[in-house]
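Q: All I have is the shape, not the residue letters:
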C-alpha cells in the first residue's frame, strides 16, 4: 500500500511539458522626438558668456546656475531667444509659446521640465502604444500593397 502511494507521488512530480513563453513575433517601437535629442552642431545655442547648449536637458541644467544677467540678455521684454530656439530647432511650438510668456529663469526651467514629463507620460501611455501599433500596421499594409503592384 505504501509503495503505491509513493508511486503516485512520484508520478505527480513529473515536470509538465515546457511550453515556450516567447512570442512568435516581436515588435519593438523606438519613439524619438526632436525635443529629446540633440541639436545639430550648427544649431547649438551659444549663451552670452560663450557656453554652448545642444539639448533641452542642457538648457534645464544651465538655467539652474545661469546668472540673471545672462538670462536677461536672452529673455527680456523684446525677445525670448530660448523660446525661439525651442520652436525652430526642436519643433516644439506648444512649449515655445509657453516659454514666450515666461520672463523668469526658474519658471522657464520648470516649464521645460513639465513639458518633457508630459511627453514622456504620453509616450509611455497605453493609448500612445496603440496609436503607434496602428501606424506600423498601416505602413506594413502599404508596403504589401506596393509589393503586389510591383510583382
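A: Yes, it's here. A quick note: this is a predicted structure, and the numbers were derived from the prediction, not measured. Residues are numbered from 1 along each chain as shown.

Q: Residue 127: neighbour count?
A: Applying other Cβ atoms under 10 Å, we find 8 residues neighbouring residue 127. For glycine as for every other residue, the C-beta is placed from the backbone atoms N, C-alpha and C.

Q: need the helix or strand of the protein with the lowest average pLDDT.
A: Here the helix or strand of the chain ranked lowest by mean pLDDT, DSSP states H and E is helix 2-12, holding a mean of 55.

Q: Note down every partner strand of the helix or strand following that helix and its orientation.
A: Heading C-terminal from helix 2-12, the first helix or strand you meet, by DSSP states H and E, is strand 45-46. Strand 45-46 pairs in its sheet with strand 52-53 (antiparallel), by DSSP bridges.

Q: Show the average pLDDT along the partner strand.
A: Averaged across strand 52-53, pLDDT comes to 95.

Q: who's in contact with it?
A: Strand 52-53 is touched from outside by 39, 44, 45, 46, 47, 59, 62, with contacts defined as Cβ atoms under 8 Å, 6 or more residues apart in numbering.

Q: next one: stretch 39-47
A: For stretch 39-47, contacts defined as Cβ under 8 Å, 6+ apart pick out 52-55, 59, 62, 66, 70, 74, 81-82, 85, 88-90.

Q: Just give me the closest of those residues to residue 118.
A: If you rank the contacts of stretch 39-47 by distance to residue 118 using Cβ to Cβ, residue 90 comes first, at 14.6 Å.

Q: Show the pLDDT at residue 92.
A: Taking residue 92 on its own, its pLDDT is 91.

Q: and the gap between it and residue 115?
A: Using Cβ to Cβ, to the nearest Å, residue 92 is found at 7 Å from residue 115.

Q: Those two - which one has more neighbours?
A: residue 92 (22 against 19).
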